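J.: here's my sequence, what's the structure:
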Amino acid sequence: MERATLLIDSLILGLIYFSCGVLGIILSKVLIRHRGSGDNMAQMKMTNPNETLMLTFGMGVVMAWVIIAASASYYSVVEQRDISDSQLTVIGLLGGPALLIITSVLDLFKGKESAKIAVLPDRLSADINDSEATKNHTRKLEELKLQHDLDMESMQQKHSLDMEAFQITNGKTKEAKK
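T.: Okay, the predicted model is just below:
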């Protein structure tokens, strides 16, 4: 009876591991296809075969470890069965790589966030400089427009005075000739 239970448990764990591996492959292909369909292809596509490999097998290993550990915990707590040595061995064998993968992903996330934070002061100063340049440009354009309007008004007045003087002087010369 114990041997049959052990065999069934081993088959179930093997089936769970296989299904998690297949699920990991399918999810990685879906994620790669989704990431590759964006507008900015340089940011969206996977640039490295190692990323594809890590996503495919890493996700499978982590999912298998979580499912096997959860099923063993379920059988232990709900069914009140003891966790067998083979189950503990499988959990331990999958747990090492799974924890390394999780640690690597968290370190990668931490590195990317640190890089974003390191760039933030430069981006803020660039935004401030851009805002100041925009304000100065707008102020200079308004000043030039005001100066242009004043020059146009001055020219208009000068033209009106010149026209008036021309009409007066031409009017006198025409009357004097008659």
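J.: use CA for all of it now, contacts and neighbours both
T.: OK.
J.: avg pLDDT for the helix or strand where S160 lies?
T.: S160 belongs to helix 85-177 when assigned by DSSP states H and E. Regarding helix 85-177, the rounded mean pLDDT is 88.
J.: name the helices or strands packed onto it?
T.: On a contact count with 3 or more C-alpha pairs under 8 Å, 6 or more residues apart in numbering; DSSP states H and E, helix 85-177 meets helix 2-35, helix 59-77.
J.: now the weakest link among these, please, by mean pLDDT.
T.: Least confidently modelled of the helices and strands packed on helix 85-177 is helix 2-35, at a mean of 61 by mean pLDDT.
J.: ok, back up a step: next, the angle from the helix holding S160 to helix 59-77.
T.: Interaxial angle of helix 85-177 relative to helix 59-77 (axes from the mean of the first three to the mean of the last three C-alpha atoms, to 10 degrees): 130 degrees.
J.: and the gap between M152 and K158?
T.: 10 Å (C-alpha to C-alpha, to the nearest Å).
J.: same deal with A133?
T.: Taking C-alpha to C-alpha, one finds A133 at 37 Å from K158.
J.: residues in contact with N129?
T.: The contact partners of N129, by C-alpha atoms under 8 Å, 6 or more residues apart in numbering, come to none.
J.: can you do 10 Å?
T.: Residues near N129 by C-alpha atoms under 10 Å, 6 or more residues apart in numbering: 123, 135.
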